[in-house]
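Engineer: Provide a 3D model corresponding to the input given below.
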Amino acid sequence: MEHFYVWRFNKWKRWLTVAVFALFTATFLWLEWNGEFTVFSNKEPSAMSKGNANENNIALTFNISWGEERVHDILKELKEEGVQATFFISGEWAERHPSIVEKITENKHELGMLGYRYKSYLDRDLDTVKKDLQKAQEVFGKLGYEDVRLLRPPNGHFNKEIIETAENMGYNVIHWNVNPNDWKNPGSDTIVDDIMKQTTNGDIVLLHASDSVKHTAKALETILPGLKNKGFSFVSMTELINQAHASTEFVD
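Structural biologist: Numbers count the residues shown, from 1 in each chain. This is a model prediction of the structure:
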C-alpha cells in the first residue's frame with residue numbers, strides 16, 4: 001500500500017511556502033561537474049583569476065604597453081618551447097607597433113587588450129573608461145583584429161562598476177593569481193623560483209613584455225621546460241575560460 005503524507009497549512013502559510021520556494025529556485029542553480037556540486041547565485045560582475053583546478057592547464061600571459069625590444073626575445077623563447085601565450089596589449093602600443101602585433105599573432109599567440117591608454121581606470125569616470133575601450137576596439141579593428149574580447153584593466157585596477165561596464169561591452173575581464181613581479185627586475189632566478197613554487201592547476205601567470213623588464217626572457221629559458229616537466233600544459237586564455245566552467249574562481 002502506498003502512503004501519502006499531506007501537509008496541512010493555513011492559507012497564508014501555504015502562500016509563504018510557495019513564495020520562499022520560488023525565490024530559492026530563482027536564486028540558486030545546483031550543477032554537478034566532475035562529481036562536485038556548485039551553487040550559482042545571481043552573479044555580480046567578476047574578473048577571472050583562475051581556471052579549473054582539476055585540470056593541469058595554465059595560461060601564461062604577458063602585458064605590454066611600451067617599448068619594442070624585449071618582446072622579441074620573449075617571443076623567441078616561446079617559439080623554441082612551442083608554448084602558446086596570451087598577450088594583453090594597449091591600443092596605443094598596438095597603433096605604434098602593428099608589425100610586432102602581427103608577429104605575435106603569426107606565432108599563434110592570443111591577443112587581449114589593456115584598453116587604449118595604459119592608465120588606471122580607477123582614476124577615470126565610467127564614461128571615460130567606456131570611451132577608452134571604444135577607442136581601443138577601433139584600433140584593433142583597423143588592424144584586423146575585430147574579435148579581441150579579453151580585457152585586463154590597466155595596472156589590474158578595477159571595481160564592480162568597471163567590470164560591469166566592460167561586460168556590457170562584450171569583454172571578459174581577466175586578472176591573474178601568479179605574479180612574480182618581474183617588472184621590478186628582481187633577477188631571473190627569483191622570477192623562476194616564484195613561478196615554479198606558486199603555480200598550480202588552472203593558474204593565470206602574469207609576466208611582462210615591455211622594455212622595462214630585463215630578466216623575463218632569461219627566466220623563461222628555465223620556466224617553460226620546468227613547468228612542462230611538472231606536468232603543466234600551456235593554453236590560451238580563451239581555452240582556459242572554456243575549460244573552467246563551474247570550477248572558475250572569480251575576484252571582485
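
Engineer: mind listing what residue 76 touches?
Structural biologist: Counting by C-beta atoms under 8 Å, 6 or more residues apart in numbering, residue 76 touches residue 217. For the C-beta atoms, the positions are set from N, CA and C on the backbone; glycine is no exception.

Engineer: what stretches of the stretch 101-250 of the chain score poorly on pLDDT?
Structural biologist: 245-250 (pLDDT under 70).

Engineer: which residues in it form helices?
Structural biologist: For the stretch 101-250 of the chain, applying DSSP state H, counting those that start in this stretch gives helices covering 126-142, 160-168, 188-198, 216-229, 237-244.

Engineer: Out of the ones you listed, which is closest to residue 174?
Structural biologist: Nearest to residue 174 among the helices of the stretch 101-250 of the chain is helix 237-244 (5.9 Å), distances taken as C-beta to C-beta.

Engineer: Work out the gap between that closest one and the centre of the chain.
Structural biologist: Chain-centre distance of helix 237-244: 9 Å, with C-alpha atoms, centre = their mean, to the nearest Å.

Engineer: Next: stretch 181-191.
Structural biologist: 22 Å.

Engineer: next one: stretch 125-138
Structural biologist: 19 Å.

Engineer: coming back round to it: identify whichever of the helices of the stretch 101-250 of the chain lies nearest to residue 75.
Structural biologist: The minimum distance between residue 75 and the helices of the stretch 101-250 of the chain falls on helix 216-229, with 9.1 Å, by C-beta to C-beta.

Engineer: Counting neighbours, which bits of that closest one end up buried?
Structural biologist: Neighbour-count burial for helix 216-229, counted by 16 or more other C-beta atoms under 10 Å, picks out 216-220, 222-224, 226-227.

Engineer: same thing with stretch 128-135?
Structural biologist: Going by neighbour count (16+ other C-beta under 10 Å), the buried part of stretch 128-135 is 129-130, 132-133, 135.

Engineer: Kindly indicate which of the residues you listed lies nearest residue 48.
Structural biologist: residue 133 (17.4 Å).

Engineer: so who does that closest one touch?
Structural biologist: By C-beta under 8 Å, 6+ apart, residue 133 lies in contact with 115-116, 151, 165-166, 169, 171.

Engineer: Can you report how many residues neighbour the closest residue to residue 217 other than its chain neighbours?
Structural biologist: Distances taken as C-beta to C-beta, 6 or more residues apart in numbering put residue 73 closest to residue 217, at 3.7 Å, once the chain neighbours are dropped. Look at residue 73: counted by other C-beta atoms under 10 Å, it has 15 neighbours.
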